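Colleague: got a predicted structure here, sequence first:
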Number of protein chains: 2
Amino acid sequence: MKMLINVPETVVADALRGMAAAHPSLSVDVDNRVVVRRDAPVAGKVGLVSGGGSGHEPLHGGFVGPGMLSAACPGEVFTSPVPDQMVRAAAAVDSGAGVLFVVKNYTGDVLNFDMAAELAEDEGVQVAKVLVNDDVAVTDSLFTAGRRGTGATLFVEKIAGAAAEEGLPLERVEAIGRQVNESSRSFGVALTAVSTPAKGSPTFDLPEGELELGIGIHGEPGRERRAMMTSREIADFAVGAVLDDLHPRGPVIALVNGMGATPLLELYGFNAEVQRVLGERGVSVARTLVGNYVTSLDMAGCSVSLCEVDEDLLRLWDAPVETPALRWGR
Amino acid sequence: MKMLINVPETVVADALRGMAAAHPSLSVDVDNRVVVRRDAPVAGKVGLVSGGGSGHEPLHGGFVGPGMLSAACPGEVFTSPVPDQMVRAAAAVDSGAGVLFVVKNYTGDVLNFDMAAELAEDEGVQVAKVLVNDDVAVTDSLFTAGRRGTGATLFVEKIAGAAAEEGLPLERVEAIGRQVNESSRSFGVALTAVSTPAKGSPTFDLPEGELELGIGIHGEPGRERRAMMTSREIADFAVGAVLDDLHPRGPVIALVNGMGATPLLELYGFNAEVQRVLGERGVSVARTLVGNYVTSLDMAGCSVSLCEVDEDLLRLWDAPVETPALRWGR
């Protein structure tokens, strides 16, 4: 696979330099791999720190800014960041109100954020954690015990980020983050395999004429392979899988997410089918977001994430946000 | 190539239904293929209408909203919209202050927008036009006499859109649109060929290990093929080609654009190289935008667009914009 890179070894550092140049609102420490909103720490505000392997952009660095993350720690491609990054990030954003770690459920991430929490607490930073495990496709997977953290990470970061911005205390921001995760489910579909810079070729084999249902964001195996399906059929399957597990009584926020290489034209068409299924199943949709938000490098495919919201969560979702990848006003 | 679609015939209509569901701020006429900002016509405001073949999303529908386009007319994939769409759009957005058509320089688009202008004027709408022809790669091409219109379309739509939002009269909005086009140049590079839904396979052959320099946004041939290059080398070539033609004395706005299938991680890394070349060439960069904005379906690759700005143009660029794909406040 051809890639727009120099050498695999510098991909993450190169990207961080490019981010720094594009976004003066971010303070980017390229050497230590920490992306911080420039005005951090904000007095009296809980800090929100997330991170994970690179290759899922704009997650997480693109979600740093007022109303969402205070800092992000990018690891190597598809590799957990190290505790030192998280400790630095926590120190940079802590105003004394404490820091919430938003952790996707992958073994490496969980271990390293746990260790970072201990180290940060030794330095006097109060730390809480929210684990994101929204992917209904499989329990236990290549890099995970339990369910994987995928698209709902965006919901948790946006809504807990808004709660922190409002000045809520750490235990409330943490509780809201947990509530968002518990109210969210996702399901992903791959049309092509993903190629990492280090490998330079597809990390698994997905023949022309087949797709993989229930794929993870690192190309981890899904539930099953089938002959290629239409957008309509994929929406029936993916939304069906989510609704087998989440039974929303209230309205939902829908994220129709591209894996990276699927054209926006197709994602919008897919959204029409997702909305059709939700309508048929009697689910009321309060907000919809369509685009590449939680990606898997050059993988073609999509995922559907739903988050059931009450009035409070919806208000926090609608609250102003000002990050490179997600921004809106009141 | 596998695609997330139902059948090729409904791709555009499906996408419009999905857009309508995702963006309540837009009024989407799926049958007649016109996307209009919901509050149009805005009293006393010049209307901005653009359009072109689908497959370049978010261009143009994703740029409809306060501060940018009043309406967009999507054609079939890589096919000009028809005059009837543009006439409807003009009628929907004209407040009496007239309408500016923003037209990318492709033979079909030019002919159809010309015809639409005549028809709209017959109906009493005052129409002006700005032709976008920023691509320095080739003069005359598969679908074009003269230079192609590509990335700079975003500059014209944003800056002329802000001028219209400020209440400037049609002739001023037109003059500003022309100034932006004349101050802008672009150059694109393809790493892979593009596949259209109708064809279902790559529209040209681009072997592994080669790239095409100077490609158009429909996969029109570029200047030359070479053995695969690094991000650094591509930035040297692309920015060099732009600066052979544009000699900015003032600062520029830089658009580092993805063609659709290139990961954002790579685009940020490429941006670092673009900024390096601009620095070496003594070009001052006022603003940078990195992402998929003027795409070519599932093509991997990138383009660089530069727009030389004075204080006025930069102020209009910075003015608030609220569209699905581009939004910022003051």
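Modeller: Looks like it came in fine.

Colleague: in stretch A:217-229, what counts as buried?
Modeller: A:217-222, A:229 (16 or more other CB atoms under 10 Å in any protein chain shown). Bear in mind the C-beta positions are built from the backbone N, C-alpha and C, glycine included.

Colleague: how about the residues of the stretch 151-300 of chain A near chain B?
Modeller: A:191-192, A:208-209, A:211, A:228, A:230-232, A:234, A:256, A:260-273, A:275, A:285, A:288-290, A:292, A:295, A:297-298, A:300 (CB under 8 Å from any CB of the partner chain).

Colleague: show me the helices in the stretch 1-150 of chain A, by range?
Modeller: For the stretch 1-150 of chain A, the helices defined by DSSP state H, counting those that start in this stretch occupy A:11-22, A:83-93, A:107-122.

Colleague: which one of those helices lies nearest to chain B?
Modeller: Checking those against chain B by CB to the nearest CB gives helix A:11-22 as the closest, at 3.5 Å.

Colleague: and stretch A:59-75, how far out from the chain's middle?
Modeller: 10 Å (CA atoms, centre = their mean, to the nearest Å).

Colleague: is it anywhere near chain B?
Modeller: Yes. On the criterion CB under 8 Å from any CB, stretch A:59-75 is in touch with chain B at residue A:62.

Colleague: burial measure for the closest residue to residue A:262 other than its chain neighbours, as a count.
Modeller: Among residues not flanking residue A:262 along the chain, residue A:300 sits closest, at 4.9 Å (CB to CB, 6 or more residues apart in numbering or on different chains). A count of neighbours around residue A:300, defined by other CB atoms under 10 Å in any protein chain shown, yields 26.

Colleague: for residue A:288, helix, strand, or coil?
Modeller: strand (DSSP: H, G, I helix; E, B strand; the rest coil).

Colleague: run through the residues that contact residue A:93.
Modeller: A:36-37, A:40-41, A:47-49, A:70-71, A:99 (CB atoms under 8 Å, 6 or more residues apart in numbering or on different chains).

Colleague: tabulate the helices of the stretch 1-150 of chain A (JSON lines), appending mean pLDDT.
Modeller: Putting those into JSON lines (pLDDT from 0 to 100) gives the following:
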{"stretch": "helix A:11-22", "mean pLDDT": "98"}
{"stretch": "helix A:83-93", "mean pLDDT": "98"}
{"stretch": "helix A:107-122", "mean pLDDT": "98"}
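
Colleague: residue B:115 is nearest to which of those helices?
Modeller: helix A:11-22 (40.0 Å; CB to CB).

Colleague: and that closest one, how far out from the chain middle?
Modeller: On CA atoms, centre = their mean, the centre of helix A:11-22 falls 19 Å from that of its chain.

Colleague: likewise stretch A:31-48?
Modeller: The answer for stretch A:31-48 is 18 Å, by CA atoms, centre = their mean.

Colleague: stretch A:49-60 now?
Modeller: For stretch A:49-60, the distance to the chain centre is 7 Å (CA atoms, centre = their mean).

Colleague: over to stretch A:185-192?
Modeller: 14 Å.

Colleague: run through the strands of chain A in chain order.
Modeller: A:26-29, A:34-37, A:47-54, A:71-77, A:99-104, A:127-132, A:184-190, A:210-213, A:224-227, A:252-258, A:285-291, A:301-308, A:321-322, A:327-328 (DSSP state E).

Colleague: mind checking pLDDT for the closest residue to residue A:108 other than its chain neighbours?
Modeller: In space, and not counting its chain neighbours, residue A:108 is closest to residue A:80: 3.4 Å by CB to CB, 6+ apart. Listed pLDDT for residue A:80 reads 98.

Colleague: distance check, residue A:80 against residue A:73.
Modeller: 9 Å (CB to CB, to the nearest Å).

Colleague: could you do residue A:198 as well?
Modeller: 20 Å.

Colleague: wait, residue A:287 touches residue A:316, no?
Modeller: No. Using CB atoms under 8 Å, residue A:287 makes no contact with residue A:316, being 11.7 Å away.

Colleague: who's more crowded, those two?
Modeller: residue A:316 (22 against 16).

Colleague: which ones are touching the closest residue in space to residue A:143 that isn't next to it in sequence?
Modeller: Leaving aside its sequence neighbours, residue A:143 sits nearest to residue A:106 (CB to CB, 6+ apart; 4.6 Å). Taking CB under 8 Å, 6+ apart as the criterion, residue A:106 is in contact with A:52-53, A:80, A:143-144, A:148-149.

Colleague: okay, these in a markdown table with neighbour count next?
Modeller: Listed next are the contacts of residue A:106 as a markdown table, based on neighbours: other CB atoms under 10 Å in any protein chain shown:
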| residue | neighbour count |
| --- | --- |
| A:52 | 28 |
| A:53 | 23 |
| A:80 | 24 |
| A:143 | 19 |
| A:144 | 23 |
| A:148 | 28 |
| A:149 | 28 |
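
Colleague: what's the most distant pair in these?
Modeller: A:80 and A:148 (13.5 Å).

Colleague: ok so, going back, take the helices of the stretch 1-150 of chain A and write them to a markdown table, including distance to residue B:14.
Modeller: Shown next, in a markdown table, are the helices of the stretch 1-150 of chain A (distance: least, CB to CB, whole Å):
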| stretch | distance to residue B:14 |
| --- | --- |
| helix A:11-22 | 32 |
| helix A:83-93 | 42 |
| helix A:107-122 | 36 |
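
Colleague: tell me the domain ranges of chain A?
Modeller: A:8-133+A:148-166, A:184-320 (automatic domain parsing).

Colleague: quick check: pLDDT value at the residue of the stretch 51-200 of chain A at minimum distance from chain B.
Modeller: Residue nearest to chain B within the stretch 51-200 of chain A: residue A:57 (3.9 Å; CB to the nearest CB). With respect to pLDDT, residue A:57 has a value of 98.

Colleague: contacting residues for it?
Modeller: Contacts of residue A:57 by CB under 8 Å, 6+ apart are A:15, A:295, B:263-265, B:268.

Colleague: repeat that for residue A:250.
Modeller: A:284, A:308-310.

Colleague: hang on, the earlier thing: wait, which of the contacts of residue A:93 is closest to residue B:326?
Modeller: Out of the contacts of residue A:93, the member with the shortest distance to residue B:326 (by CB to CB) is residue A:37, at 20.9 Å.

Colleague: number of nearby residues for that closest one?
Modeller: Neighbour tally, residue A:37, other CB under 10 Å: 26.

Colleague: kindly report the same for residue A:209.
Modeller: 8.

Colleague: confirm for me that it is in contact with residue A:225.
Modeller: No. Using CB under 8 Å, residue A:209 makes no contact with residue A:225, being 10.3 Å away.

Colleague: so what pLDDT did the most centrally placed residue in chain A get?
Modeller: The centre of chain A sits closest to residue A:153, judged by CA atoms, centre = their mean, with a distance of 3.8 Å. We note a pLDDT of 98 for residue A:153 in this prediction.

Colleague: once you drop chain neighbours, what's closest to it?
Modeller: residue A:132 (4.8 Å).
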